[in-house]
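Trainee: have a look at this fold, sequence not included:
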């Protein structure tokens, strides 16, 4: 029976893939981004401010 011994390059690639998986898991733990495009990002101007702009 043959014994399989991985090459050093395969260890590097395996560690790289483990790092990618760790980063992906951290990303998936974060809450989903708010992508609602209809949300207002600032308050509407008050009626007084709107009237001052047209005066």
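Mentor: Alright, I've got the coordinates. No experiment lies behind these values; they were computed from the predicted model shown. Residues are numbered from 1 along each chain as shown.
Trainee: could you use CA atoms for every contact and neighbour count after this?
Mentor: OK.
Trainee: so for stretch 1-16, mean pLDDT?
Mentor: Averaging pLDDT along stretch 1-16 gives 85.
Trainee: can you pull the buried residues of it?
Mentor: Of the residues in stretch 1-16, none has enough neighbours to count as buried (16 or more other CA atoms under 10 Å).
Trainee: stretch 23-31 too?
Mentor: Using 16+ other CA under 10 Å, none of the residues of stretch 23-31 count as buried.
Trainee: which pLDDT does the model give residue 29?
Mentor: Residue 29 is given a pLDDT of 95.
Trainee: same thing with the one 3 residues further on?
Mentor: pLDDT, the model's per-residue confidence, is 85 for residue 32.
Trainee: report how many residues lie close to it.
Mentor: Neighbourhood size, residue 32 [other CA atoms under 10 Å]: 8.
Trainee: what about it, distance to residue 40?
Mentor: 19 Å (CA to CA, to the nearest Å).
Trainee: and residue 34, by the same measure?
Mentor: Note on residue 34: its distance to residue 40, by CA to CA, is 12 Å.
Trainee: and residue 25, by the same measure?
Mentor: For residue 25, the distance to residue 40 - CA to CA - is 32 Å.
Trainee: just residue 31 next, same as before
Mentor: 21 Å.
Trainee: can you tell me what sits against the longest helix belonging to the chain?
Mentor: In the chain, taking DSSP state H as the definition, the longest helix is helix 8-29. Outside helix 8-29, no residue is within contact range by CA atoms under 8 Å, 6 or more residues apart in numbering.
Trainee: can you offset everything so residue one is 29?
Mentor: Shifting the count to begin at 29 puts that one at helix 36-57.
Trainee: fine, thanks again, bye for now.
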